[in-house]
Structures are given as structure tokens and as C-alpha cells.
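K.L.:
predicted model follows, preceded by the sequence.
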Amino acid sequence: MGPDFVVLSLVPMLIGALAAVACALPGNFLLLRRQALIGDAISHVVLPGIVAGFLVTGSVATLPMLLGAGAAALVAVALIEAVRRLGRIEPGAAMGVVFTTMFAAGVLLLELSDTSSVHLDVEHALYGNLESLVWLDATGWQSLLDPAALAGLPPELGRIAAAALGVGLFVRLFWRPLAAATFDEHFARAQGVPTAALGLGLVMVAALAAVAAFDAVGSIIVIAMFICPPAAARLMTDRLGRQVAWSVAFAVLSAVAGYILAGYGPLWLGGQDAVSAAGMIAAVSGLILAAACLLGPHRRPRPG
């Protein structure tokens with residue numbers, strides 16, 4: 001791996017891996033709580049909020065996007081309740097209507113807005129811009145020790161690293177109450193665990209991961225990484241700590257293997273053009289889940 005790897009591939013791989021890990025960590029608890037589709041919901045409802053945040057501030061920095069995503073989430077909750085009450089339909093149907101409507105509204109806003117100065121359009125909303133996040137100031141591995149070269153790193157790397165660190169600290173600090181509330185909410189509440197606040201915090205860190213990852217990898221990988229690595233890890237073990245470790249390993253593997261296959265896979269097969277890195281990462285994560293379904297030691301329920 002020479003200088004070209006450092007310039008063209010190292011940073012996108014790191015961003016993809018950090019995004020995958022940031023989504024997989026809260027995804028484990030959402031999966032065990034039977035709330036895995038919250039990650040899917042977040043990736044849909046944050047789009048109009050992210051676009052609105054950009055239109056108001058003219059910036060794709062994390063703070064305005066996060067504020068916009070938070071506002072969009074509040075709007076989504078209000079709309080779901082309104083649709084449920086006025087339409088007299090079940091909550092799941094109301095959520096489906098609101099999520100798809102808000103995602104379509106976000107796409108429409110992108111089409112009608114002038115976002116030509118930044119990487120924010122329909123294609124990037126779906127697939128991200130991972131391939132373009134190269135480190136042009138690097139000259140080789142020695143650039144990792146060069147302050148001038150490090151100053152030229154894509155800002156997306158710092159944002160997703162901060163988000164992954166924040167998610168990791170949340171999981172580490174609240175590990176015991178999170179585990180208790182996840183497996184037996186009534187017992188945890190009886191022991192004084194603020195289960196409602198903890199659940200809200202879990203959704204908030206999931207939203208943080210989604211917003212930070214959205215800018216670089218788009219909505220497809222965000223959806224995949226909330227569900228696929230944790231689900232595959234669940235089939236490998238029945239211990240929570242080991243499940244989280246497996247999910248992190250699967251997330252990193254899918255990001256690295258997906259990026260390599262997207263760039264070099266078509267060439268190995270005789271093609272000439274690379275394919276979407278985010279799409280391939282999502283595909284690899286799905287293949288890992290399929291392999292776990294077939295080969296995982298806990299793929300079958302225990303008798304009795």
C-alpha cells in the first residue's frame with residue numbers, strides 16, 4: 001500500500017468504518033428493544049431537517065444539521081400523532097406515512113434548492129460522497145506525522161470521529177442501566193433506572209450518529225448499519241458484551257471490504273468504472289448478515 005492508497009483510500013475507509021461503528025453501537029440496543037426500525041426512521045426524517053439547516057445557515061457543519069434534524073424529529077412525532085388520531089389508524093401505519101412523506105419532502109427541497117456549492121443533492125443524500133473525501137495534501141504514510149498535511153484532512157473525518165467517540169462514551173457510561181432497561185424494563189424501573197430518559201438518550205445518540213454519517217455516506221448505509229451488523233452479531237452470541245464486539249467487527253469489515261470491492265471489484269471482473277462505495281458497503285453488510293443467518297451458532301431458537 002503506497003502513497004496512492006494514503007491519498008485516495010485511507011480517509012474514505014476511516015470515515016466509512018467510523019460511520020458504521022457509530023451506527024452499529026446504538027443499533028445493538030435498538031435491535032434488542034425491538035426498535036431497530038427507528039434507525040430507518042431517523043435516516044428518513046432527518047433529511048428535510050438537514051436541508052433546512054443548510055438553507056438557513058448556508059453551512060453543512062454538524063451543529064446546524066443536528067439542530068435541523070432534531071426539529072424534523074419533533075415535527076415527525078407531532079405528525080405521527082396527528083395522523084393516528086385523525087385517520088384512526090394504527091401507529092405503525094401512521095409512522096410509515098409520515099416517514100415516507102418527510103423523506104420525499106427532503107428530496108423535493110434538495111431539487112428546488114441551490115446546493116451546487118456543497119455536496120448536498122439527491123444523489124449524495126442517497127449514496128453520500130465517500131469517494132470524494134480524499135486526502136489531497138498527503139504524500140504518503142509520513143503525512144500522518146506532518147501537521148501541515150493533517151490540517152488538510154477532510155472535515156468529515158473529524159465530525160464522524162467526534163460522533164463515534166460521543167456514541168461510544170454514551171454506551172460505556174450507561175452500559176449497566178442500558179443493559180438492564182433493554183432486557184427487563186420493569187425491573188430496571190423498579191431499581192430506580194430512569195428508563196424513559198435513557199430511551200430518549202439512546203434515540204438522541206442514534207440521531208447524532210445518523211446525522212454525522214449522513215453527510216459522508218448518505219441514507220443507504222445509515223439504514224444498513226443500524227440493523228445489519230447488530231443483527232448479524234446477535235446470531236453469533238447470546239452475551240451482550242460479545243454481541244457489541246461482534247457488531248463493531250462486522251461494521252468495520254463491511255466498510256473496508258465494501259470500499260475495496262466498490263473501487264477494484266469491477267476492474268477484477270473486467271469492468272472499467274467503479275460503483276458506489278456506500279451502496280457496496282451496504283451490500284457487504286447484508287451479505288455478512290446472510291452468512292450469519294446460515295452459519296451463526298445462534299441462528300436457531302433453543303428448544304423448550
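P.N.:
Yep, it's here. Being a predicted model, the structure only gives us computed values, none of them experimental.
K.L.:
among the helices and strands of the protein, which has the poorest mean pLDDT?
P.N.:
Every helix and strand in the chain was compared by mean pLDDT, DSSP states H and E; the lowest is helix 122-127, with a mean of 63.
K.L.:
quick check: mean pLDDT of the helix or strand that that one is followed by?
P.N.:
If you walk from helix 122-127 toward the C-terminus, the next helix or strand you reach (DSSP states H and E) is helix 147-150. Averaging pLDDT along helix 147-150 yields 88.
K.L.:
again with stretch 131-144
P.N.:
Mean pLDDT, taken over the full extent of stretch 131-144, equals 85.
K.L.:
next: stretch 4-14.
P.N.:
Confidence over stretch 4-14, taken as the mean pLDDT, stands at 87.
K.L.:
distance between that stretch and the chain's centre?
P.N.:
Shown here is stretch 4-14, whose average C-alpha point lies 20 Å from the average C-alpha point of the whole chain (Cα atoms, centre = their mean, to the nearest Å).
K.L.:
can you name the residues in contact with it?
P.N.:
Outside stretch 4-14, the residues within contact range by Cβ atoms under 8 Å, 6 or more residues apart in numbering are 130-131, 133-136, 138-141, 143-144, 153-154, 157, 255-256, 259, 263, 277. Bear in mind the C-beta positions are built from the backbone N, C-alpha and C, glycine included.
K.L.:
in the stretch 201-304 of the chain, which spans are helices?
P.N.:
Taking DSSP state H, counting those that start in this stretch to define them, one finds helices in the stretch 201-304 of the chain at 240-268, 277-295.
K.L.:
now do stretch 19-35: distance to the chain's middle.
P.N.:
9 Å.
K.L.:
picking up where we left off before, what's the ChimeraX line that selects buried ones from the contacts of stretch 4-14?
P.N.:
Below is the selection syntax for ChimeraX that covers the buried ones among those, with 16 or more other Cβ atoms under 10 Å defining burial:
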select :130,131,133,134,135,138,143,153,154,157,255,256,259,263,277
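K.L.:
nearest to Arg88, out of the helices of the stretch 201-304 of the chain?
P.N.:
The minimum distance between Arg88 and the helices of the stretch 201-304 of the chain falls on helix 277-295, with 36.3 Å, by Cβ to Cβ.
K.L.:
so Val46 makes contact with Phe214?
P.N.:
Yes. Applying Cβ atoms under 8 Å, one finds Val46 in contact with Phe214, separated by 6.5 Å.
K.L.:
centroid residue for this structure?
P.N.:
Val222 (3.3 Å; Cα atoms, centre = their mean).
K.L.:
got a list of what the spatially closest residue to it that is not a sequence neighbour touches?
P.N.:
If the residues on either side of it in the chain are set aside, Val222 comes closest to Ser43, at 4.3 Å by Cβ to Cβ, 6 or more residues apart in numbering. With contacts taken as Cβ under 8 Å, 6+ apart, Ser43 has the following neighbours: 210, 214, 219, 222-223, 226.
K.L.:
PyMOL command for the buried members of those?
P.N.:
For the buried members of those, the matching PyMOL selection, counting by 16+ other Cβ under 10 Å, is:
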select buried, resi 210+214+219+222+223+226
